[in-house]
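Engineer: I'll drop the sequence and a predicted model, then ask my questions.
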2 protein chains.
Amino acid sequence: MTMNTINIGLLGLGTVGSGLVNILQDPQPRLAARQLRITRIAVRTVTPERQAQYPGIALTTDSQSIVTDPKINVVVEAIGGTTKAKELIKTALTFGKHVVTANKDLIATDGIELSQIAATHHVGLYYEAAVMGAIPVLRTLRNAYAGDPISRITGIANGTSNFILTQMIAHGSSYDDALALAQRKGFAEANPANDVEGLDATYKLLILTRFAFGMNPSMDDVDIQGITTLQPQDFVTASIWGYAIKPLAVSELTPDGLCLRVAPHLVPLGHPLAAVRDENNAVLIDSQNVKRLSMVGPGAGSLPTANSIVADLLDLADDIHYGNTPERFVDTDTPAIVADSAHRVAPRFVSITGTGFTREQLRALGITGRVQRIRGRTTVLTGPVADTDVQRWHSQLAAAGVGLIHVLPVLQG
Amino acid sequence: MTMNTINIGLLGLGTVGSGLVNILQDPQPRLAARQLRITRIAVRTVTPERQAQYPGIALTTDSQSIVTDPKINVVVEAIGGTTKAKELIKTALTFGKHVVTANKDLIATDGIELSQIAATHHVGLYYEAAVMGAIPVLRTLRNAYAGDPISRITGIANGTSNFILTQMIAHGSSYDDALALAQRKGFAEANPANDVEGLDATYKLLILTRFAFGMNPSMDDVDIQGITTLQPQDFVTASIWGYAIKPLAVSELTPDGLCLRVAPHLVPLGHPLAAVRDENNAVLIDSQNVKRLSMVGPGAGSLPTANSIVADLLDLADDIHYGNTPERFVDTDTPAIVADSAHRVAPRFVSITGTGFTREQLRALGITGRVQRIRGRTTVLTGPVADTDVQRWHSQLAAAGVGLIHVLPVLQG
């Protein structure tokens, strides 16, 4: 079919925005046929030199003029942040423009509201790039799992954390050295808090949960544990037990409701997620019919992220061509049923300072399982334990003056 | 949106057909909303008992009556084979019905012709289930790579072969024992030739090549090597070199054209494909923007395959709802440019009976590289070598009376 030109207004010319310009300016034949054209870009400052780099595209500092421009069909939001981005997206949707974004923070917190505005105005709101960069996980969940009940989503959703832990595993680096290397390589920001404290992975987990389970939990429903307190010694003791430590985001449907967890997990060394290294992301989808599907790929970066934006644009191109209302990217009308912490259960790896702690003393605290004393630590691998019990361990061990180093969840299956 | 009922006529009630009935008869809420109904099924024999198992669905032995039935919107072909299936699909398309099939043999050989008939009659022809069962590789290539030039597709495309080689690696089984176990478990047919001699993987590679490179090579363009001559000793020697042996299908775009190969390959032990075990399938997509994306999942089986048929049906549901012509699943109007055998290059693993063969004798035949004598064999790991050189080695070694066991390609990257 012959397509009409689709005029795109781009907000932001940072890493992701410039990646998109890069791909669309010299398109592959199959992409060229879709006639996607960036006609205007909103940037912070316009100089004649900068404008000269983008022939045929009008740079402007007035982003409002883009989201209200009647000639623009699709707005790509790539400025990040929440307040201004949200206002611009709302305006664009209200003005009947389709919107594509990679803004995970905004979609995690305000995605439902924005999606309702999009539906009201018969336009699409797509954000494949917001979750795991180049991995087409949202569209796969949407297209391939409508008839297949999912039981668990397990992901390495934060490339920065995976890069840091890979350095600590592979080279015995300290957390600080690994973080500094990640920052030098551009995998971590100057202020890495969102990545290393688990918030970024939590945003992605909330979005994944909508697609996998049709439910809409909130940040408060997620048990979040960062990677900042891990030490090289943790990787040594874990590997003696036969485990790697990987930064996982897990959303599991249990009989008691959703169990949502973002934490460094012990992962068996032969497990497919144990082999996902460096800044890569990964997702395992466990379901009734397919059993297990896994996908691994770059979770961030200019071109990988922009590539997922292109996939969203292609999905919209047909609907624009035919004048159809795009389908909602995800329906989340079912309220979230979340397991309370007494029903959030996982095996645990307990690591205590010193080797003098006896099995009986552990049992008195309710910590039972296999015990190994490794390099100055008492480590215990327990059976399934509820979060409430782990909370109790923390307070009891503190009260007893015992140096508790970590209680980490252990991935099952 | 409210959907009209989509009436599906199913041809065949074997493994795949019954999986589809299973999923659609008790649909998940999101699937139920799409109103996909199997109204008629063509089977070989209808008995009252069998009909009673399918309330609300009319069984018939007259498949022709289904593909011409004006009330049917979509025909799902699940009888397999080529001649009859092709005639039925052609008739269905000509009668304006969309068609979904898992028939890789037919799509590999006659897919272009059928796709042109579909386009002429403004209907869709989809076959996600034909390649790697539950792995959504065709739709991913179609949706996520329009703007990202692919350089190589590397797959474990035949679950039977992977199961057999996994048995040989993990348990030191002989080929015959591993095949017998695969047959007992239902992973191999009574006549396993298509699977173990590489034809099944070749069909899939031809289809993957259309989606990845927009080119349409033929069976003759593929260098095909089966797994039937592998011996337990091969896995031992390969592992001493640091490699697993995996059944790969590779389609690579080189400056000399496409290089297409189906063969047991040496794969470095740390490589993601080396960890793909049992009857699983896997695909690595190497490209300019994303760099590398990998997907692993079940490549066959009733529900995994039926699940991909459901994904095709969902893709069609929108177009049926709006009365749009579905997009062609793939465009392959570019002629295939295939590298000749002098330009099909790969490193090789050479395995020769006996340890007496000297490095000088090898060099005289043009076989150079690292040499190890392992358990009664002389093994050589060469640099990149063209297929024409390998053909020459075979004839020269035979002429010299040397017991050449194997020359296997080695996966790079």
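Structural biologist: Cool, the structure landed. Numbers count the residues shown, from 1 in each chain, chains lettered A, B, ... in the order given.
Engineer: which residues touch A:V283?
Structural biologist: A:M132, A:I135, A:V137, A:I153, A:T154, A:G155, A:I156, A:A157, A:L208, A:S294, A:M295 (C-beta atoms under 8 Å, 6 or more residues apart in numbering or on different chains). Every residue, glycine included, has its C-beta placed from N, CA and C.
Engineer: One more pass at 6 Å, please.
Structural biologist: Contacts for A:V283 (C-beta atoms under 6 Å, 6 or more residues apart in numbering or on different chains) come out as A:V137, A:G155, A:M295.
Engineer: Among those, which one sits closest to A:T15?
Structural biologist: Within the contacts of A:V283, proximity to A:T15 (C-beta to C-beta) peaks at A:V137, which comes in at 20.3 Å.
Engineer: How about that closest one, nearest residue that isn't a chain neighbour?
Structural biologist: Excluding the flanking residues, the one nearest A:V137 by C-beta to C-beta, 6 or more residues apart in numbering or on different chains is A:V283, at 5.1 Å.
Engineer: Please could you give me each C-alpha atom of the helix or strand that contains the one you found, formatted as PDB?
Structural biologist: Per DSSP states H and E, A:V283 falls inside strand A:280-287. Output of strand A:280-287 as PDB, limited to C-alpha atoms (Å, rounded to 0.1, in the frame of the first residue of the first chain):
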ATOM      1  CA  ASN A 280      22.300  -6.400  29.200                       C
ATOM      2  CA  ASN A 281      18.700  -6.800  30.300                       C
ATOM      3  CA  ALA A 282      16.700 -10.000  30.200                       C
ATOM      4  CA  VAL A 283      13.200 -11.300  30.800                       C
ATOM      5  CA  LEU A 284      11.800 -14.800  31.500                       C
ATOM      6  CA  ILE A 285       8.100 -15.200  31.000                       C
ATOM      7  CA  ASP A 286       6.600 -18.300  32.700                       C
ATOM      8  CA  SER A 287       3.100 -19.300  31.500                       C
END
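Engineer: Quick check: next helix or strand after it?
Structural biologist: The first helix or strand that comes after strand A:280-287 along the chain, using DSSP H and E, is strand A:291-298.
Engineer: now for the next helix-or-strand element following that next one, which elements pack on it?
Structural biologist: Using DSSP H and E, the helix or strand that follows strand A:291-298 in sequence is helix A:302-322. Judged by 3 or more C-beta pairs under 6 Å, 6 or more residues apart in numbering or on different chains; DSSP states H and E, the packing partners of helix A:302-322 are helix A:15-25, strand A:98-101.
Engineer: Can you give the distance of the first one from its chain's centre?
Structural biologist: Taking the mean C-alpha point of helix A:15-25 and that of its whole chain, the gap between them comes to 21 Å (C-alpha atoms, centre = their mean, to the nearest Å).
Engineer: could you give the angle of that helix to helix A:302-322?
Structural biologist: 60 degrees (axes from the mean of the first three to the mean of the last three C-alpha atoms, to 10 degrees).
Engineer: Mind listing what's buried along helix A:15-25?
Structural biologist: A:T15, A:V16, A:G17, A:S18, A:G19, A:L20, A:V21, A:I23, A:L24 (16 or more other C-beta atoms under 10 Å in any protein chain shown).
Engineer: count of neighbours near the residue lying closest to A:T353 once chain neighbours are set aside?
Structural biologist: Nearest residue to A:T353 in three dimensions, chain neighbours excluded: A:G403, at 3.1 Å (C-beta to C-beta, 6+ apart). By other C-beta atoms under 10 Å in any protein chain shown, 13 other residues sit near A:G403.
Engineer: distance of A:G403 from chain B?
Structural biologist: Distance, A:G403 to chain B, by C-beta to the nearest C-beta, to the nearest Å: 36 Å.
Engineer: Could you do A:Q35 as well?
Structural biologist: Distance from A:Q35 to chain B, by C-beta to the nearest C-beta: 12 Å.
Engineer: Now for that residue, how many residues are close by?
Structural biologist: For A:Q35, the count of nearby residues is 15 (other C-beta under 10 Å).
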